[in-house]
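> Sharing a model that was predicted from the sequence below.
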Amino acid sequence: MLAKRIIPCLDVDRGRVVKGKRFQKIRDVADPVELAKRYNNEGADELVFYDITASNEDRNIFVDIVEKVATEINIPFTVGGGLRSVMDIHRVLHAGADKVSINSAAIRNPALVKEAASKFGSQCVVLSIDAKLTSDMKWSVFMNGGRIDTEIDAIEWARRGEELGAGEIVVNAIDVDGVKNGYNLNLTRSISEAVNIPVVASGGAGKKEHFTAILKEGKADAALAASVFHYDEIKIPDLKKYLAENGITMRRETSWT
């Protein structure tokens, strides 16, 4: 069995890590470089950096912060937000990212996923999906930081992303983002069963049991979380030890063995 991954997420706005609920009520948390160093030292398997307003503000990502974070960590590092072209992707990878996360730009131009996978390899391309249950009981894909309903079915979009060449999918359930009542098991499981590439669950982590549920029942390959780590509600070494004790294969880390 492949080891499951624990991935802290840095949502960055104007150079600072922030966090909100259901993509709203954003508040300041910390400096991204210092937080990245902390998670690297605590045994996180990977790190995700999202410039959460780049797409909506139609600007490029803060490459200087990406460079600073990359120099301080030695774990895989995914960067997303405001990546609209192969040149943008090249710039971020050159700055030190290992993978890029494409969301709104992929919806506007699906060929970008195919072109990026062809040029840099599928292992570098992550399709990020922000999904919300709409009135017709369908999981709809949203773009621009959860502001615009595309009316695209999330399950079908995940399949399409794999066909285009994405090597991984991050699925974030907007309804439970930041609420801490647990990941959306049904959505994550549905996408995991629909594709043959790794799926990362995002949104809703509040306690250790939520991670067990999403990695087992939700069939996720990795669990991404933010506020429970930012505010020390759950410590990564303790979480990984807990998951291992509950039968989930984890990457061994000296910090918790």
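Everything's here; your move. All values derive from a computational prediction rather than experimental measurement.

> where does the spatially most central residue of the chain land on pLDDT?
Closest residue to the average C-alpha location of the chain: residue 170 at 5.1 Å, with Cα atoms, centre = their mean. Per-residue pLDDT puts residue 170 at 97.

> got it, and residue 64?
Looking at residue 64, the pLDDT reads 86.

> Which is the succeeding secondary structure element to the one helix or strand it maps to?
In the assignment (DSSP states H and E), residue 64 maps to helix 63-72. Using DSSP H and E, the helix or strand that follows helix 63-72 towards the C-terminus is strand 77-80.

> What strands flank that next one, and is each parallel or antiparallel?
Pairing partners of strand 77-80, with direction, according to DSSP bridges: strand 47-51 (parallel), strand 99-102 (parallel).

> worst average pLDDT in the ones you listed?
When I compare the strands paired with strand 77-80, strand 47-51 is least confident, with a mean of 90.

> CA atoms only for that strand, dumped as PDB, please.
In PDB, the C-alpha atoms belonging to strand 47-51 read as follows (Å, rounded to 0.1, in the frame of the first residue of the first chain):
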ATOM      1  CA  LEU A  47       3.500  21.700   1.300                       C
ATOM      2  CA  VAL A  48       0.900  23.700  -0.800                       C
ATOM      3  CA  PHE A  49       1.000  27.400  -1.400                       C
ATOM      4  CA  TYR A  50      -2.000  29.100  -2.800                       C
ATOM      5  CA  ASP A  51      -2.000  32.800  -3.800                       C
END
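
> Return the distance of it from the chain's centre.
7 Å (Cα atoms, centre = their mean, to the nearest Å).

> before we move on, what about stretch 35-42?
Mean C-alpha position of stretch 35-42 versus that of the full chain (Cα atoms, centre = their mean) differs by 17 Å.

> could you give me the average pLDDT of it?
Mean predicted lDDT for stretch 35-42 stands at 94.

> rewinding a little: who does the helix holding residue 64 touch, helix- and strand-wise?
With contacts defined as 3 or more Cβ pairs under 8 Å, 6 or more residues apart in numbering; DSSP states H and E, helix 63-72 has these neighbours: helix 32-42, strand 47-51, strand 77-80, helix 86-94. Where you see a C-beta, it was placed from the backbone N, CA and C, and this is true even at glycine.

> could you dump these to JSON lines with mean neighbour count and distance to residue 187?
Putting these into JSON lines (neighbours: other Cβ atoms under 10 Å; distance: least, Cβ to Cβ, whole Å) gives the following:
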{"stretch": "helix 32-42", "mean neighbour count": "18", "distance to residue 187": "26"}
{"stretch": "strand 47-51", "mean neighbour count": "26", "distance to residue 187": "18"}
{"stretch": "strand 77-80", "mean neighbour count": "26", "distance to residue 187": "19"}
{"stretch": "helix 86-94", "mean neighbour count": "18", "distance to residue 187": "27"}
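
> wait, which of these is closest to residue 251?
Closest approach to residue 251 among these (Cβ to Cβ): helix 32-42, 13.0 Å.

> can you list contacts of the closest one?
8, 10, 12, 15-17, 29, 47, 49, 65, 68-69, 72-75, 229-230, 235-237, 255 (Cβ atoms under 8 Å, 6 or more residues apart in numbering).

> Can you flag the buried ones in those?
For these, a burial check counting by 16 or more other Cβ atoms under 10 Å picks out 8, 10, 12, 17, 29, 47, 49, 65, 68-69, 72-73, 75, 229-230, 236-237.

> What segments of this structure are helices?
Ranges of helices within the chain are 32-42, 63-72, 86-94, 104-108, 111-120, 154-164, 185-194, 208-216, 227-230, 236-245, based on DSSP state H.

> Residue 131: which of those helices is closest?
That would be helix 154-164 among the helices of the chain, by Cβ to Cβ, at 4.0 Å.

> which helices and strands does that closest one pack with?
Secondary elements touching helix 154-164 (3+ Cβ pairs under 8 Å, 6+ apart): helix 104-108, helix 111-120, strand 125-133, strand 139-143, strand 168-173, helix 185-194.
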